[in-house]
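> below are the sequence and a predicted model for it; my questions follow.
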Amino acid sequence: MAPQGLALTHEAPHILADWEKFGCPTKTGRDWTLDEIQAAIDRGPHKSALEPATIAHFAEEVADKVKKGQARTFLWDDIKQNHPRKLKVSPVAAIPHKSRAYRSILDLSFALRLENGGILPSVNDTTEKWAPRGAIDQLGHSLKRIIHAFAEVEDDAVILMAKWDIQDGFWRLNCRDGDEWNFCYVLPQGPGEPTRLVVPTSLQMGWVESPPYFCTASETARDVAVDYIETKLGSLPEHKFEHWAKSTDGMLNRDGPATTLRYILEVYVDDFIACIVPTTALQITHVARGILHGIHDVFPPSADDSTDPISTKKLNKGEGTFNTTKCILGFDFDGINKTIWLEEAKRASLLTILHQWIRGATKTNRGIPFAEFESITAKLRHAFIALREGRGLLSPCNWIIRRRPDVVYLHRNGPLLEAIRDIRTILRASVKNPTQCKDLVAEWPDYIGIVDASSHGVGGVVIGELSSIPPTVFRLKWPVDISDALVSFENRSGTISNSDLEMAGLLLLWLCLEGVAPDLAHKHIALFSDNSPTVSWVTKMASKKSRIAAQLVRALALRLNVNQSCPLTPVHIPGVENALTDIPSRSFGSVPEWNCNTDSDLLTLFNSKFPLPHQASWTVFRLDTRVTTRVISALRMKGITLDEWRRLPPTGKHIGQIGPNMSDLWEWTLTYRGCSTRTESGSSQVLPPECARGTTDGESELRLEQSLALSRPLDRRSRWPVAPTQRSSPGAKNSFHGFRKC
């Protein structure tokens, strides 16, 4: 790593030049005593590194690193009596790798238990954070930006993708002189061999500070690449690797102007990822040249292509070729259909493992080691980036991870076993139906639902915003046993919390919307609730504590999957602003002036209190008892299978005459949102609508805009050291533009 060329005009070359000359500073706490070092050496490598095949792997790898000047080796007996002051020893492990036999990982998070009962903290635990943080804060947003860019491009546009990998990335940044002794490990060898220590001279993959150090270099290279791309088309000199970039698909966009280049360039640690909407072959070449020159301005080229910082091994596999399909960060993207789905090999591996778990639980009662369970749950969480509703099935897995048992037994945990079955079913279904990127992005809603639940019942309204539906009100009275089980000051032994009822109400609101809207596929929906836990559960699609809520979230997730709708936008509103739903949820006698014995009574009362524009009439929707029974069963903690939730009967029907389809009603609802229908005792007459206008409508709209803004990617700063990354501002619906134009 040595900045040169255009990189010298960047804001960060003095940082990189210092690291090039002196190495990266490393501070890992106090020096270890000889006894502590000896204890770590006696512990030795991880067992995965001591198989004959992995011993041979390490022998070859270390010899290569020594030859390149990236590592040194010492016999422990030769330096034991006068060992370097910063010497620390961590266990090394070997894990299978998709492109070679093994990947070596130095476990710098390993804390050693000493014979005296004490704990020797790991190198990572004692590391002081010195690396710049401004570059690494981009990591969690690269994939999200690409998904949003795919979602926002025109349906008929063709997107081409390519990526470039920095070979042996972390090994290209050296440690400061003497600091390399913090990263020693025992060379895996056969029995009887003298102990030999390996001393890497470069940053190690397992070190907590390696990513921010390396990202400082790679993000600088990205900024430089953008500077090159923004130059005039055809002005960049040729690059020795540019022939790899020529598209083999032959796909170009014929409608766009030849002078306008649209692209997005992201970097994820050592992976440079480009997506373009090209109209000419020259644009493809220009982008490729800009990226290749930008990388080499920070990581200088090698005369020997096999050792060049840009991996020719990956180029030979076609990764640097612009195509309409590409695997990016573990997901397969399609630039024609704008879809995303989990990489085939990863999906197949997960399906196999989940099948083995289920078979082991039902046939042999076999347990799952916790480390394996935790690892697979993390992979599932990643997979569900492309299946957002899948997160709603993970609550039982999250509870196990918080408990951290040594072994996980599915046959002893019915909800967990059912969740694993559901997850496998959802993953299998995704094989045939890749997810549209636009279905993963929240936008201004087509439909809006508002709900409220009380100890007596639940009620809500659904209205059209960007799409038209009949303005509809619904209600449901809770069975006596549900009301009696509600936790209160008078009933501290209850089993159902108010938040559980509110979550059940939100699920019923969704089911009502299913019955009212003609089609929810690819539609955006905002659901409002005055219960903060409910909003949090739906936002995260998970419940940390409430098992009832977890069942309800699971049901909602499955219904989202069936309807192929976009991510929900749950929004919290104060109870005093929830006037529209107070009447239906309290229309069962708890508030005498709102008591409605029939749906016709409710319709008459609702039309009088909340008259629609243009003299239109509300419509009452009656939920089918076969559907409400499922929701009530969840409140009673009775299990409902995946098929029962995925194959529902019609969710209900309209009662009486159906009102006209209407849209653009969000502004109208603000007329009544500020009219408090509640006093401290929970009841009062609705105040006249003219009292409602004021700051309340602006605050309500702002909450929706803020919720949408929080779901969008962070805007990428133009130069990583210049200013903090800014989140999209509320109300600026197009603040993230996806593809840049130049």
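Perfect, I can see it now.
> can you give me the neighbour number for the closest residue in space to residue 105 that isn't next to it in sequence?
Once flanking residues are discounted, residue 105 sits nearest to residue 93: 5.0 Å by Cβ to Cβ, 6 or more residues apart in numbering. To be clear about C-beta, it is placed using only N, CA and C from the backbone, and glycine gets the same treatment. The local packing of residue 93 (other Cβ atoms under 10 Å) involves 22 other residues.
> from the middle of its chain, how far away would whichever helix or strand residue 93 is part of be?
Secondary structure from DSSP states H and E places residue 93 in strand 92-96. Mean C-alpha position of strand 92-96 versus that of the full chain (Cα atoms, centre = their mean, to the nearest Å) differs by 27 Å.
> quick one: buried residues of it?
92, 93, 94 (16 or more other Cβ atoms under 10 Å).
> following it, which helix or strand comes up?
Elements were assigned by DSSP H and E; along the chain past strand 92-96, the next helix or strand is strand 102-106.
> quick check: angle from that following strand to strand 92-96?
Relative orientation of strand 102-106 versus strand 92-96 (axes from the mean of the first three to the mean of the last three Cα atoms, to 10 degrees): 150 degrees.
> list the helices and strands strand 102-106 packs on?
helix 52-67, strand 92-96 (3 or more Cβ pairs under 8 Å, 6 or more residues apart in numbering; DSSP states H and E).
> who does the helix or strand just after that strand pair up with?
On the C-terminal side of strand 102-106, the closest following helix or strand by DSSP H and E is strand 112-113. Counting by DSSP bridges, the strands paired with strand 112-113 are strand 119-120 (antiparallel).
> dump the helices and strands packed on strand 102-106 into JSON lines; add mean pLDDT as well.
Listed next are the helices and strands packed on strand 102-106 as JSON lines, based on pLDDT from 0 to 100:
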{"stretch": "helix 52-67", "mean pLDDT": "93"}
{"stretch": "strand 92-96", "mean pLDDT": "89"}
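> any idea which of these is most buried?
strand 92-96 (a mean of 19; mean count of other Cβ atoms under 10 Å).
> I'd like the helices and strands packed on strand 102-106 laid out as TSV, including distance to residue 520.
Shown next, in TSV, are those (distance: least, Cβ to Cβ, whole Å):
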stretch	distance to residue 520
helix 52-67	52
strand 92-96	42
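> between those, which one is nearest to residue 263?
Among the helices and strands packed on strand 102-106, strand 92-96 comes nearest to residue 263, with 34.9 Å by Cβ to Cβ.
> the closest one vs helix 52-67, what angle?
110 degrees.
> and the residue most central in space within the chain, what does it touch?
What sits nearest the mean C-alpha location of the chain, by Cα atoms, centre = their mean, is residue 385, with 5.1 Å. Residues near residue 385 by Cβ atoms under 8 Å, 6 or more residues apart in numbering: 143, 331, 440.
> can you list the strands that the strand holding residue 93 pairs with?
strand 102-106 (antiparallel).
> centre of the chain to the strand it pairs with, how far?
For strand 102-106, the distance to the chain centre is 26 Å (Cα atoms, centre = their mean).
> can you give me the mean pLDDT across that strand?
Strand 102-106 shows a mean pLDDT of 89.
> before we move on, what about stretch 646-657?
pLDDT averaged over stretch 646-657 gives 91.
> adding distance to residue 521, write the buried residues of strand 92-96 out as JSON lines.
Output for these, formatted as JSON lines (distance: Cβ to Cβ, whole Å):
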{"residue": "92", "distance to residue 521": "50"}
{"residue": "93", "distance to residue 521": "46"}
{"residue": "94", "distance to residue 521": "46"}
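> which single one of the residues you listed is nearest to residue 137?
residue 93 (28.6 Å).
> now render the contacts of residue 385 as a markdown table, adding secondary structure, neighbour count and pLDDT.
Below are those laid out as a markdown table (DSSP: H, G, I helix; E, B strand; the rest coil; neighbours: other Cβ atoms under 10 Å; pLDDT from 0 to 100):
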| residue | secondary structure | neighbour count | pLDDT |
| --- | --- | --- | --- |
| 143 | helix | 21 | 93 |
| 331 | strand | 22 | 95 |
| 440 | helix | 20 | 91 |
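> output the lowest mean pLDDT helix or strand found in the chain.
Using mean pLDDT, DSSP states H and E, the weakest-scoring helix or strand in the chain turns out to be helix 696-710, at a mean of 69.
> need the per-residue pLDDT for the residue of the chain positioned farthest from its centre.
Computed with Cα atoms, centre = their mean, the residue of the chain farthest from its C-alpha average is residue 81, at 50.3 Å. pLDDT recorded at residue 81 is 92.
> let's verify it: helix, strand, or coil?
Per DSSP: H, G, I helix; E, B strand; the rest coil, the secondary structure class of residue 81 is helix.
> domains for the chain, by residue range?
5-131+172-200, 146-169+209-342, 344-433, 442-707 (automatic domain parsing).
> now distance to residue 139 too, for those, in TSV please.
As requested, the domains of the chain are exported to TSV (distance: least, Cβ to Cβ, whole Å):
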stretch	distance to residue 139
domain 5-131+172-200	13
domain 146-169+209-342	6
domain 344-433	14
domain 442-707	21
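> among those, which comes closest to residue 740?
That would be domain 146-169+209-342 among the domains of the chain, by Cβ to Cβ, at 5.9 Å.
> that closest one: how far from the chain's middle?
Taking mean C-alpha positions (Cα atoms, centre = their mean), domain 146-169+209-342 and its chain are 23 Å apart.
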